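Trainee: Here is my input; please provide its structure:
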Amino acid sequence: MRRANVGGSLIGIAAYVFVGASTDCVSDLPPVTPSAGGSASSSPGGGANGGAAGGGGNGADSQSAIVTILPSGGASGNAGSGDAAVAPAAPDANCGMQTENPTTQPADLLLVLDRSGSMDDDIASNALCGGRGSPANCTARWPTLTAAVNQVVGASPAGLQWGLKFFTSPGGGTCTVNPGVDVPMPATAAQIQAAIAGTMPGNATPTTAAINAAVAYLNTLNDGRPHYILLATDGQPNCDPGTSGNVTTTSVNNAAAAIAAAAAPGSDIKTYVIGIGPSAGNLDAFAAAGGTGKYFPANSPDQLTTALGTIVGTVASCVFTMAAVPPDPGNLGVYLDNGTRVPLDQSNGYSLATDNLTITLNGSYCDGIRAGTYQLIQVFFGCPGIPLPRQFRGF
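Mentor: Residues are numbered from 1 along each chain as shown. Down below sits the predicted model:
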């Protein structure tokens, strides 16, 4: 079993993947290991006599093939005690099997950073630091963000490539967003840090134009990596035609639509969202449109650093690539350590990319992988039209 460096820990990654075979796949399968309660047959029409595969009697349909999948490292036909898993039955006996080891996927993460004038305000309030009514312990958003980005980027895994896009673009007008990015990929931590330190907040919040420019840049990269956007903003978007610096329903809807288009098939760019300060608005719609569930609120330096670290950890440690497309992407069973069922949930579960090859663990399940709580991830492919057996629907 191969091991991958996940979140600083050595995590063994194993997946049992069921895929459709061509004509008669049964002859290509390993011998079936008899269960404790009886015997099983690997030929069409063979049933399980009281074994775990069928739960007693003829456990499979008379036209089905029952296959035993061995744990990673086991020898064909010689499973360890209690370790074998039984594949879904297929009426036409053409549900074959192969074993894959999914690996963590190196990724590109583009930081799309709001440098509007309000980024000079206090992170815990809307008071301008140094201005009238400024709290005594005022903590300006821009230097706080700079420090957090410096810390997180500097400590991020080598497999993660960074880039940086400001909005508005430095040196431009109220709503200017230039094509391209301010720091192209692959950027070093020092390059990211120097770019942020070299500019200051000013102007409005042209979020839609920034997302469109970011997507256009990422689509020029043909590096075979999944692409992600990390949108960090402290307010609702504006600058749509006819609105100038005003926030309107149109500008909010347009930004959400641009993020959704980026995540659609053919582009497959997910967007994570950090809302800085107490008036960032309800950014959950942006995160949902980007396929990442909910936004991360950041109303203190610690919250901001934690949010950045969580997103980086997810992209670097909790994205796995399978070697085969499932025959039925809607019929998957994803488990951790042979017992924990992972639900299909963008916020706290697993999500499947539109390429049907990339699985992302989210929320507490990703936290468990990064912490080393879970050692194995298993992905069971159900045969088209055949529900997963009970033992795969919930251990």
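Trainee: Tell me where the stretch 201-350 of the chain has helices.
Mentor: 207-218, 249-263, 284-289, 301-317 (DSSP state H, counting those that start in this stretch).
Trainee: Now do the nearest residue to Gly180 once chain neighbours are set aside: how many residues are near it, please.
Mentor: Nearest residue to Gly180 in three dimensions, chain neighbours excluded: Tyr217, at 5.8 Å (Cβ to Cβ, 6 or more residues apart in numbering). To be clear about C-beta, it is placed using only N, CA and C from the backbone, and glycine gets the same treatment. Burial measure for Tyr217: 18 neighbouring residues, criterion other Cβ atoms under 10 Å.
Trainee: ditto for Gly339
Mentor: Neighbours of Gly339 (other Cβ under 10 Å): 11.
Trainee: How much space separates it from Gln303?
Mentor: Distance of Gly339 to Gln303, given as Cβ to Cβ, to the nearest Å: 33 Å.
Trainee: Likewise for Leu113?
Mentor: 17 Å.
Trainee: picking up where we left off before, between the helices of the stretch 201-350 of the chain, which one is nearest to Leu344?
Mentor: Among the helices of the stretch 201-350 of the chain, helix 284-289 comes nearest to Leu344, with 14.7 Å by Cβ to Cβ.
Trainee: what does that closest one contact?
Mentor: 231, 252, 255-257, 259-260, 263, 271-273, 293-295, 346 (Cβ atoms under 8 Å, 6 or more residues apart in numbering).
Trainee: mind listing what Thr354 touches?
Mentor: Ala264, Pro265, Gly266, Asp268.
Trainee: With adjacent residues omitted, what lies nearest to Ser347?
Mentor: Gly293 (3.3 Å).
Trainee: meant to ask about Tyr374
Mentor: That would be Leu336: by Cβ to Cβ, 6+ apart, it lies 4.1 Å from Tyr374.
Trainee: Quick check: the one you found touching Ile377?
Mentor: Yes. Leu336 lies in contact with Ile377 (Cβ atoms under 8 Å); the separation is 5.8 Å.
Trainee: what touches both of those two?
Mentor: Ile369.
Trainee: So for the two, which residue has more residues nearby?
Mentor: A direct count of neighbours by other Cβ under 10 Å for Leu336 and Ile377 places Ile377 higher, at 25 against 19.
Trainee: follow-up on the earlier one: for ChimeraX, write the selection for the buried entries among the contacts of Thr354.
Mentor: In ChimeraX, this line selects whichever of these come out buried by 16 or more other Cβ atoms under 10 Å:
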select :268
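Trainee: Could I get the full set of strands for the stretch 51-200 of the chain?
Mentor: 68-69, 85-86, 98-100, 103-104, 107-114, 160-167, 183-187 (DSSP state E, counting those that start in this stretch).
Trainee: Contacts for the last one, please.
Mentor: Which is strand 183-187. Contacts of strand 183-187 (Cβ under 8 Å, 6+ apart): Asp108, Leu110, Gln161, Trp162, Gly163, Leu164, Gln191, Ile192, Ala195, Tyr217, Leu221.
Trainee: what lines up beside that strand in the sheet?
Mentor: strand 160-167 (antiparallel) (DSSP bridges).
Trainee: thought Asn178 was touching Gly172?
Mentor: Yes. Asn178 is within contact range of Gly172, at 6.7 Å (criterion: Cβ under 8 Å).
Trainee: Okay, buried residues for stretch 379-388 please.
Mentor: Val379, Phe380, Phe381, Gly382, Cys383, Ile386, Leu388.
Trainee: related to what we said a few turns ago, and of the strands of the stretch 51-200 of the chain, who's closest to Leu357?
Mentor: strand 98-100 (10.5 Å).
Trainee: Now do that closest one, average pLDDT.
Mentor: For strand 98-100, mean pLDDT rounds to 37.
Trainee: and what of stretch 367-377?
Mentor: What stretch 367-377 shows for mean pLDDT is 83.
Trainee: pLDDT wise, what is the closest residue in space to Ser134 that isn't next to it in sequence at?
Mentor: In space, and not counting its chain neighbours, Ser134 is closest to Ala127: 5.0 Å by Cβ to Cβ, 6+ apart. On pLDDT, Ala127 comes in at 91.
Trainee: before we move on, back to that, which of Leu113 and Gln303 has more residues huddled nearby?
Mentor: Neighbours of Leu113 and Gln303, each counted by other Cβ under 10 Å, are more numerous for Leu113; the result is 26 against 18.
Trainee: how near is that one to Val152?
Mentor: Taking Cβ to Cβ, one finds Leu113 at 13 Å from Val152.
Trainee: do Ala258 as well
Mentor: Ala258 is 25 Å from Val152, by Cβ to Cβ.
Trainee: hang on, Phe365 packs against Ser347?
Mentor: Rather than Phe, residue 365 is Tyr. No. Applying Cβ under 8 Å as the test, Tyr365 and Ser347 come out as separate, 10.6 Å apart.
Trainee: Look at these two and report which has more neighbours.
Mentor: Using other Cβ under 10 Å as the criterion, Tyr365 and Ser347 rank with Tyr365 on top: 23 against 14.
Trainee: chain center to stretch 319-327: distance?
Mentor: 14 Å (Cα atoms, centre = their mean, to the nearest Å).
Trainee: and what of stretch 369-377?
Mentor: That offset, for stretch 369-377, works out to 16 Å (Cα atoms, centre = their mean).
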